[in-house]
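Student: Sequence first, then the predicted structure:
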Amino acid sequence: MAFISSGYNPEKPMENRITDIGPRHYEEFYPEVIKKNKGKWSHHEILEPGVMVHVGESGDEVYTVRVGGARLMSTSLINEICDIADKHCDGHVRFTTRNNIEFMVDSKDKVEPLKNDLNTRKFAGGSYKFPVGGTGAGITNIVHTQGWIHCHTPATDGSGTVKAAMDVLFDDFQKMRLPAQLRVSMACCLNMCGAVHCSDIAILGYHRKPPMIDHEYLDRLCEIPLAIASCPTAAIKPTKVTLEDGKEVKSVEIKNERCMFCGNCYTMCPSLPLADTQGDGIVLMAGGKVSNRISDPKFSKVVVAFLPNEMPRWPSMTDAIMKMVNAYVQGANKYERLGDWADRIGWEKFFEVCELDFTHHLIDDFRQQAYMSWRQSTQFKF
Amino acid sequence: MAKHETPLLDQLESGPWPSFVSDLKHQAEIRAKNEEGVEFQIPQDSVEDLLGVLELSYKHGRTHWKHGGIVGVFGYGGGVIGRYCDQPKLFPGVEHFHTMRVAQPCGKYYKTDFLRQLTKLWDLRGSGVTNMHGSTGDIILLGTTTPQLEEIFYTLTHEMNQDLGGSGSNLRTPADCLGESRCEYACYDSNALCHFLTNEFQDELHRPAFPYKFKFKLDACPNGCVASIARADMSFIGTWRDGIKVDQDAVNKYVENDPAYPPNAGAHKDGNWGPFDIEKEVLSLCPTKCMKFENKTLKIDNANCTRCMHCINTMPRALKIGDDRGLSILVGAKAPILDGAQMGSLLAPFVEVNPENDYEAITEVIENVWDWWMEEGKNRERLGELIMRQGFQKLLEVTGIDPMPQHVAYPRTNPYIFWKEDEVEGGWERDVAEYRKHHLR
Amino acid sequence: MSDLLSNKEESTKAVVDFLTKKAKNKTKFYIKDFYAIFPDDKPRAIKNVINAMVTDGILEFWSSGSTTMYGLKGAGKQHSSEGEE
């Protein structure tokens, strides 16, 4: 393949260089009906799962069909999205914060043809390309991080755990039968480059073994002071090690009991890998929310301390999630988020009705805020 | 014929949810056939090798990627994440496989001509695999080689009028909800403010200035659809100061269960919840119990309303946000680590949103907070951690915001106030000899 | 801005000297590490000068993804190990 120049001249990188221009202006991309009614919307209604109408003070209507999508997406699929948008929506489309895709049309008669088109498109393997849903009191798309597809410190996969979870939750993606919306999020290690700590249900990858030390290569590949400085708990110290051949090399030692398994040292030093088949797996958290509706935003709580990675479909993980969703549907009041329900019935009941084991790992012992979560009351349920 | 067998990944092709495996396999085939005659600038079989290395991770239960220190294009300290495969002999197509972050348009609206330009560029110079979008909000282009980075940037800036996003110790690409563009709850134009902040602070976005990452997120109302309160160092959440506007006729339509007025805008249509009951579903769930419904009239004691949005969400045709609108600024949210997760804390209860004066009330708070954090923040210390370390009072001092009860959920539960000398009458210098005149040794 | 920071030649020399002296131990530094060279200046002014040295090809960035560090161009151990120049 011959190299094709874009026009960039590597000899003169600053020549004709354009920088600091930011993203394209949003107004270039608004559909006409959006541009016209912006700031003057009267109300909206979810007509059926995945289909909304927003009505302007002018009487104008915009119909939105929301579909789920894997956030890992090929250019050929994006081109197909463009084909659909060109055919039905005058070339406009939008994505949501939760990786859904929204197709908008300006009259009701355009909705059915659009929906039918979306519903008939399937991948060769049989799954929907554009399942309609993800609105209201249901389960919308899972936001997630890279995982094994592209990250160097994940403890599990992102796309695979999400696909496995969304397959079992799919009915509730296309229905609105839950007491309130239920947000599921996924992050593939504790660094949470996608935050999951305030989700109704959070899937979190977690390592449980400190890094290995590749003494022979460490000083050749890494700058030891940087590896030491990268550790958030100051568990890494410089040392000298005698290799099997008698050669003395500079390296590091790790106070294993201080390691919180973050992988920051591996980022700085490739001679400190921490991924491990048995050590790595999944933590489940539950009961968080970010909305200010009725109750304050709240953090998710750890409800399953560890589940092994079970490729390719993580059945123990999806079982535990389904147990929580089913118990929530059975027990919660209308408008009650999962965490508000758990707070109301008490977490001791939560574990009972969700049939989840309570283990010592679920009692907080991390720094001073741990105390806040212990029970300082004689009010509890047997 | 696929280059690598992927028996584990193949099991993720079944089931209803869109299969990323099917999508990648299809993409691999398209690249192999290359009916468009693309002169691929990175290996044609990169997607096959990506599937291959992912399959190996499914077999091993371990990642096969290494981090690289590449940061961006020339002069930029962010926008690119370096990635190398740790099995380059087996998967040469993904040996060097860097990520580029492209700044998303505010509101994430697109026109297809732009997206097609982008996919064409990415087919030519990258793997053709993306994230729409990454967690921060950027368009993520997954997988290209170092020599392509400048070429891609050149095409983006010269032909598409489009810049990269942030990574590293930079301002990260700000992200917003769709706001006034299609939502009646929006208390300010989040798209406009997001675009303004993104452009106003391009230097901070591209060139490291800070001890660590810094995120702006903009929610146009307290429903918080972009989760700013949980994940932004500085979150801008729309609010209002006057009363909720009530259309009493519409309230009664809800009470009468008029089908054109479904509660919660129809969000519970598939549940078996029975007829709408305003007492049970609205009044008794109001967190401050500031509402009454008597004689077909809904009364709201607005002075006691905390604007939680529940009543408005439940009866959107009857209740509207107030007209005296602005935003609250909350600061310090972050996911773990190190001291655990932090939620945003309220700093400025009400700030004017005024594009006419370039949002000066907002940028003033931003600049003050940044000056403090740049000066005092330790390496890799997020704003929330600095506030914990130096105290909320210090934050108020540097921003010139007066303390008020709105700043706390409740006052401190210990009396251990570190009084400053100048706060105590007469100061701390005392005459012990004078004291001893009245107090024998 | 101090005389040292506003004098391009002097400030460059001060930064290069600082980095050369430390090069035996490590080659990548946080922006804050440069504050010590310019005790009389504001962080914002310092970062502008340091970032300009990147554009001038004297320094280069290194990113952990979450943070960005600075070093003398070409210094460090990771470049060659990945087969990049």
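Tutor: Alright, I've got the coordinates.
Student: secondary structure class for residue B:169?
Tutor: coil (DSSP: H, G, I helix; E, B strand; the rest coil).
Student: Low-confidence bits of chain C, can you list those?
Tutor: For chain C, applying pLDDT under 70 flags the ranges C:78-85.
Student: That one against chain A: which residues are in contact?
Tutor: Proximity of chain C to chain A (Cβ under 8 Å from any Cβ of the partner chain) is limited to residues C:25, C:26, C:27, C:28, C:55, C:64, C:65, C:66, C:76, C:77, C:78, C:81. For glycine as for every other residue, the C-beta is placed from the backbone atoms N, C-alpha and C.
Student: neighbours around the second one, how many?
Tutor: By that I understand residue C:26. 20 (other Cβ atoms under 10 Å in any protein chain shown).
Student: Go through the residues of chain B and report the one nearest to chain C.
Tutor: Closest residue of chain B to chain C, Cβ to the nearest Cβ: residue B:168 (3.3 Å).
Student: need the residues of the stretch 151-300 of chain A near chain C, please.
Tutor: Residues of the stretch 151-300 of chain A lying near chain C (Cβ under 8 Å from any Cβ): A:191, A:193, A:220-226, A:230, A:264, A:267-268, A:270.
Student: Can I get the buried ones among these as something I can paste into ChimeraX?
Tutor: Selection of buried members from those for ChimeraX, criterion 16 or more other Cβ atoms under 10 Å in any protein chain shown:
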select /A:191,193,221,222,223,224,226,230,264,267,268,270
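Student: Helices - which of the residues of the stretch 151-300 of chain A next to chain C land there?
Tutor: A:220, A:221, A:224, A:225, A:226, A:230, A:264, A:267, A:268 (DSSP state H).
Student: check contacts around the nearest residue to the last one once chain neighbours are set aside.
Tutor: This points to residue A:268. The shortest distance from residue A:268 to any non-neighbouring residue, by Cβ to Cβ, 6 or more residues apart in numbering or on different chains, is to residue A:230 (4.3 Å). Neighbouring residues of residue A:230 by Cβ atoms under 8 Å, 6 or more residues apart in numbering or on different chains: A:236, A:264, A:265, A:267, A:268, A:269, C:64.
Student: how many neighbours does residue 57 have?
Tutor: The chain I'm using is chain A. 12.
Student: To clarify, I was referring to chain C.
Tutor: Residue C:57 has 11 nearby residues by other Cβ under 10 Å.
Student: isn't it right next to residue C:73, touching?
Tutor: Yes: if you go by Cβ atoms under 8 Å, residue C:57 and residue C:73 touch, sitting 6.1 Å apart.
Student: measure residue A:20 to chain B for me?
Tutor: Applying Cβ to the nearest Cβ, to the nearest Å, the value for residue A:20 to chain B is 4 Å.
Student: Residue A:207 now?
Tutor: In this view, residue A:207 and chain B are 10 Å apart by Cβ to the nearest Cβ.
Student: List the contacts of residue C:57.
Tutor: residue C:73.
Student: Name the residues that touch stretch A:34-48?
Tutor: A:27, A:30, A:52-58, A:60, A:62-63, A:104, A:135-136, A:176, B:109, B:180-184, B:186, B:189, B:262, B:265-267, B:269, B:316-317.
Student: if we go to 6 Å?
Tutor: Outside stretch A:34-48, the residues that touch it by Cβ atoms under 6 Å, 6 or more residues apart in numbering or on different chains are A:52-57, A:60, A:135-136, B:180-182, B:184, B:265-267, B:316-317.
Student: Next: stretch B:434-441.
Tutor: Outside stretch B:434-441, not a single residue reaches it (Cβ under 6 Å, 6+ apart).
Student: can we see that at 10 Å?
Tutor: B:431, B:432 (Cβ atoms under 10 Å, 6 or more residues apart in numbering or on different chains).
Student: just the helices in chain A please.
Tutor: Using DSSP H, helices in chain A cover A:32-37, A:75-88, A:111-120, A:159-173, A:215-221, A:224-230, A:264-268, A:315-331, A:338-345, A:347-354.
Student: Now these in a markdown table, please, with extra columns for distance to residue B:296 and mean pLDDT.
Tutor: Converted to a markdown table, these look like this (distance: least, Cβ to Cβ, whole Å; pLDDT from 0 to 100):
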| stretch | distance to residue B:296 | mean pLDDT |
| --- | --- | --- |
| helix A:32-37 | 31 | 98 |
| helix A:75-88 | 43 | 98 |
| helix A:111-120 | 35 | 98 |
| helix A:159-173 | 37 | 98 |
| helix A:215-221 | 76 | 93 |
| helix A:224-230 | 65 | 92 |
| helix A:264-268 | 62 | 90 |
| helix A:315-331 | 34 | 98 |
| helix A:338-345 | 30 | 98 |
| helix A:347-354 | 40 | 98 |
